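Asks: Following is a predicted model, sequence given first.
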Amino acid sequence: MGIIIDKLSKNYGNQKALDAVSFSIKNGEVVGLLGPNGAGKSTLMKSITGAILPDSGEIKIDEFSVLNQPIETKKRIGFLPENNPLYFEMYVREYLKFVADIRNEKKERIEEVIQKVGLTPESHKKIGQLSKGYKQRVGLAQAILSNPEILILDEPTNGLDPNQILEIREVIREIGKSKTVILSTHIMQEVEALCSRVILLNKGKIVSDSPIEEFKGQYKSLEDAFRQLTN
Ligand SMILES: Nc1ncnc2c1ncn2[C@@H]1O[C@H](COP(=O)(O)OP(=O)(O)OP(=O)(O)O)[C@@H](O)[C@H]1O
């Protein structure tokens, strides 16, 4: 059970984005996916969600294949993409109802997720009127709407101010208690605060995969590890 990734490769033309990446994740793990710009993190995350197709290799979610049983695998995943695409003209509840309708979720779930991500004080507004931190909460709300087992969060705190970073982190920590989470970030403190395991990608390959304590034990700091392994 969990996620199994086997020899996953993806090229964009001549650009190798993923090069025979293999690893597995057990249910309940919170995995930090690190790597320099262009390392392949988003490509890996989008491949797990089924949003893009790999050139070769296989991904299984529980016993289901992302390629051959996409409905089963998509049901199990909540995804917050990089840059959090949202409909700015929609009101918060209108948007979440739209998502709930697409996914056949009960209306009651909307109020539950609004509360869970701390959106209540701003939930009467149009999405375009929200601050970046609150927009991010809307993105998280849609990701957890169907109560998925797995959450994939692509740079969830990117561009937020320090207060909002801490608040969103707290929301992720709370949600992550009962889910399998893969999150990408460039903020090392975020990995320390949230993750039990670190996978470091460089040029489409895994250059390190270990429990956070082990990873930290081998280097002076996470920044030091990042520099040494990706330079
Ligand atoms: N649609 C695309 N067409 C062409 N090349 C792409 C496309 N998407 C990604 N790439 C390339 O594939 C490589 C991996 O990109 P990817 O976005 O997965 O990296 P990343 O680790 O998420 O980077 P970042 O930290 O900057 O978000 C990069 O060289 C990127 O330019």
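Replies: Received the coordinates, thanks.
Asks: May I ask which helix or strand of the chain has the lowest mean pLDDT?
Replies: The weakest-scoring helix or strand in the chain, judged by mean pLDDT, DSSP states H and E, is helix 212-218 (a mean of 88).
Asks: Flag every buried residue along the following helix or strand past that one.
Replies: Where DSSP states H and E defines the elements, the next helix or strand beyond helix 212-218 is helix 222-230. If you call a residue buried by 16 or more other C-beta atoms under 10 Å, then helix 222-230 has these buried ones: 222, 225-226, 229-230. Bear in mind the C-beta positions are built from the backbone N, C-alpha and C, glycine included.
Asks: Repeat that for stretch 19-29.
Replies: Those would be 19, 21, 25, 29, for stretch 19-29 by 16+ other C-beta under 10 Å.
Asks: Tell me the gap between that stretch and the middle of its chain.
Replies: Distance of stretch 19-29 from its chain centroid, counting by C-alpha atoms, centre = their mean, to the nearest Å, is 14 Å.
Asks: go on, stretch 68-87?
Replies: With C-alpha atoms, centre = their mean, you get 10 Å for stretch 68-87.
Asks: which secondary structure elements does the least confident helix or strand of the chain contact?
Replies: Where contact means 3 or more C-beta pairs under 8 Å, 6 or more residues apart in numbering; DSSP states H and E, helix 212-218 is packed against helix 188-194, strand 197-202, helix 222-230.
Asks: how about 6 Å then?
Replies: If contacts are counted by 3 or more C-beta pairs under 6 Å, 6 or more residues apart in numbering; DSSP states H and E, helix 212-218 sits against no helix or strand.
Asks: Please enumerate residues in contact with the helix or strand hosting Ser22?
Replies: Element membership for Ser22 (DSSP H and E) is strand 15-25. Outside strand 15-25, the residues that touch it by C-beta atoms under 6 Å, 6 or more residues apart in numbering are 2-10, 31, 40, 43-44, 204-206, 209.
Asks: now swap in stretch 158-170 and tell me
Replies: Applying C-beta under 6 Å, 6+ apart, the contact partners of stretch 158-170 are 132-133, 136, 157, 193.
Asks: Can you list the helices and strands that the helix or strand containing Val207 packs against?
Replies: Secondary structure from DSSP H and E places Val207 in strand 205-211. Here strand 205-211 touches strand 15-25, strand 197-202, going by 3+ C-beta pairs under 6 Å, 6+ apart.
Asks: now what about stretch 224-231, what contacts it?
Replies: So stretch 224-231 is in contact with 36, 200, 202, 207-208, 219, going by C-beta under 6 Å, 6+ apart.
Asks: Among the residues you listed, name the buried ones.
Replies: Among these, the ones that count as buried by 16+ other C-beta under 10 Å are 36, 200, 202, 207-208.
Asks: Could you list the contact residues of this protein toward the ligand?
Replies: For the chain, the residues in contact with the ligand (C-beta under 6 Å from any ligand atom) are 12, 15, 17, 35, 37-43, 82.
Asks: burial of Glu170, as a residue count?
Replies: Counted by other C-beta atoms under 10 Å, the residues lying close to Glu170 total 13.
Asks: picking up where we left off before, okay if I get the contacts of stretch 224-231 as JSON lines plus pLDDT?
Replies: Formatted as JSON lines, these follow (pLDDT from 0 to 100):
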{"residue": "Pro36", "pLDDT": "96"}
{"residue": "Leu200", "pLDDT": "96"}
{"residue": "Asn202", "pLDDT": "97"}
{"residue": "Val207", "pLDDT": "95"}
{"residue": "Ser208", "pLDDT": "94"}
{"residue": "Tyr219", "pLDDT": "88"}
